[in-house]
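> Whatever this is, show me its structure:
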Amino acid sequence: MKQAVRAGVDFIGHANYLDDEALELLEAHRDSVFVGPAVAWEITFLEHYQSFGFETGGPEHEGMRRSLRPHKNR
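Residues are numbered from 1 along each chain as shown. Predicted coordinates:
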């Protein structure tokens, strides 16, 4: 994502798992880069996590849950 913004891309789809540097970069380019978060699939996946054969409470499950929490406004 960082490389895309620096290369001049004006649309980022999903933009999951961003670090602080990426968030700052998006903030700096907020007038020229549109981010389409598209989180509906992740919410649905979490709702049906066990029926897909995955165990809840593991690091993957908890990581996905954390990624869907809202970020604090900067």
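
> which residues of the protein fall in helices?
For the chain, helices defined by DSSP state H occupy the ranges 2-6, 20-28, 40-47, 59-67.

> for the last one, packing partners?
Spelled out, that is helix 59-67. helix 40-47 (3 or more C-beta pairs under 8 Å, 6 or more residues apart in numbering; DSSP states H and E). All C-beta atoms are positioned from the backbone trio N, CA, C, and that covers glycine.

> go again using 6 Å as the cut-off
Using 3 or more C-beta pairs under 6 Å, 6 or more residues apart in numbering; DSSP states H and E, no helix or strand is in contact with helix 59-67.

> Give the buried residues for it.
His61, Met64 (16 or more other C-beta atoms under 10 Å).

> And the second one, by the same measure?
Neighbour counts using 16+ other C-beta under 10 Å place Leu25, Leu26 of helix 20-28 among the buried residues.

> what's in contact with that helix?
With contacts defined as C-beta atoms under 6 Å, 6 or more residues apart in numbering, helix 20-28 is touched by Met1, Lys2, Val5.
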